[in-house]
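1. Got a predicted structure here, sequence first:
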Amino acid sequence: MTRTKKKGAGKQGITYAFLIGLITIFSTPLRSQTSPLQVVATTTDLAYFAREVGGEDVQVAALLSGTTDPHYARARPDYIVRMNQADLFVVVGLELEIGWVPPLLLNARNPNILPGRPGYLDASTGVEILGRATHPVDRSMGDVHAKGNPHYWTDPLNAVIIARNLRDRLSRLRPEAADRFDDRYRRFFERVRNLTIEQSEAFAPYRGLRIAEYHNDLEYLARRFQFQVVAPIEERPGVAPSARYLETVSEQLRASQVRIVCVTPVQPQRQAESVAREIGGRVVVMPTSIGSEPGIDTYEDTIRTMLERLRGAARP
């Protein structure tokens with residue numbers, strides 16, 4: 001008799017746990033039209049743009065910190081939880097996050113944020129992309145982005161395009177707040193426009209400046225403010241340079257009279273320092289993302305700091 005009761009209680013317990021599991025996995029929380037939209041972005045920069053446009057109508061989370069290289073991030077269980085609750089998921093695109101975002105989308109159990117759905121936004125939409133592959137690409141060439149250079153946010157005018165994409169998508173998801181999204185976008189546009197004018201004038205004496213960089217992070221910034229990237233320190237994208245390659249690139253930089261070697265806070269600096277010694281130059285750390293170092297808290301901080309450091313390094 002006692003054994004039978006225990007068996008029945010066990011079945012009831014299993015049934016109850018099973019039902020709770022189903023509810024947890026498959027239910028979607030009901031949010032009112034007045035509650036903030038839940039926005040999840042892969043990077044701190046995208047999260048910043050979303051907050052600037054969304055204001056109090058959104059709650060925004062960035063999956064990565066500014067000190068994490070988005071090329072080599074790992075899919076973590078807590079990312080899945082955030083994405084399960086998201087109304088909008090924003091990616092840099094151009095295969096920057098291809099190594100870790102697909103499994104997150106597969107396991108988030110949120111069909112609204114899958115590619116092609118309103119809750120998925122590739123922020124590169126409408127951006128003029130540099131460095132698209134014109135020939136077949138394979139892994140022997142390193143971590144090559146066949147669809148183009150994904151570091152487009154370092155051009156302030158591309159930041160405006162990202163903000164516009166966010167305005168349009170947020171307005172689609174929450175039409176009654178469209179006027180507010182548009183007003184914030186216009187204010188952001190004016191700020192970035194003024195920033196671009198200010199920094200273009202300040203950088204004018206340094207146009208044509210030649211630099212080296214560790215990875216292909218600065219092409220968009222260089223095009224906007226008219227300086228020249230002569231060579232990368234990486235032998236191939238994502239592949240650490242060999243000693244022989246460092247000798248070759250050092251010779252090339254000396255011949256081009258390059259004295260500045262740029263590296264971001266998330267990249268190894270040892271090889272950059274070695275090249276800088278060889279050419280009699282200096283290493284400049286470029287905070288390309290918000291939060292990549294202390295004090296870099298806004299998009300404006302990233303642009304001003306990078307250009308100020310280049311100007312400082314270029315002075316005699």
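-> In hand now; what should we look at? None of these values were measured; they are calculated from a predicted model.
2. now the helices for the stretch 51-200 of the chain?
-> Secondary structure of the stretch 51-200 of the chain (DSSP state H, counting those that start in this stretch): helices at 77-84, 101-107, 156-173, 178-203.
3. Please give me every residue in contact with the residue most central in space within the chain.
-> Geometric centre of the chain, nearest residue: Thr43, 4.2 Å, by Cα atoms, centre = their mean. Residues in contact with Thr43 (Cβ atoms under 8 Å, 6 or more residues apart in numbering) are 62-64, 70, 92, 289. Just so you know, the C-beta spots here come from the backbone N, C-alpha and C atoms, and that holds for glycine as well.
4. cool, and Tyr72?
-> Counting by Cβ under 8 Å, 6+ apart, Tyr72 touches Gly99.
5. ok, the contacts of Thr43 vs Gly99, which is closest?
-> When the contacts of Thr43 are compared for distance to Gly99 (Cβ to Cβ), Pro70 wins out at 9.3 Å.
6. and the gap between Ala272 and Pro241?
-> 10 Å (Cβ to Cβ, to the nearest Å).
7. typo on my end, it should be Asn110
-> 41 Å.
8. From the structure, what's the count of residues near Ala255?
-> For Ala255, the neighbour count with other Cβ atoms under 10 Å is 10.
9. Now do it against Val249, distance only.
-> Distance from Ala255 to Val249, by Cβ to Cβ: 11 Å.
10. that older thread, can you pick out the residue with more neighbours from Ala272 and Pro241?
-> Set Ala272 next to Pro241 and count neighbours by other Cβ under 10 Å: Ala272 wins out with 24 against 21.
11. Flag the shaky bits of the stretch 1-150 of the chain, pLDDT-wise.
-> Along the stretch 1-150 of the chain, segments meeting pLDDT under 70 span 1-33, 133-145.
12. What's the end-to-end length of stretch 52-59?
-> Across stretch 52-59, the terminal residues are separated by 11 Å (Cα to Cα, to the nearest Å).
13. And the strands in the stretch 151-300 of the chain, which stretches?
-> With DSSP state E, counting those that start in this stretch, the ranges of strands along the stretch 151-300 of the chain come out as 210-213, 228-232, 260-263, 282-285.
14. Point out the most buried one among the ones you listed.
-> Highest mean neighbour count among those (mean count of other Cβ atoms under 10 Å): strand 260-263, with a mean of 26.
15. what helices or strands is that one leaning on?
-> Using 3 or more Cβ pairs under 8 Å, 6 or more residues apart in numbering; DSSP states H and E as the contact test, the elements touching strand 260-263 are strand 210-213, helix 270-279, strand 282-285, helix 299-314.
16. Can you say which of the ones you listed is nearest to Asn158?
-> Smallest distance to Asn158 across the helices and strands packed on strand 260-263 (Cβ to Cβ): 11.0 Å, for helix 299-314.
17. That'll do, ta.
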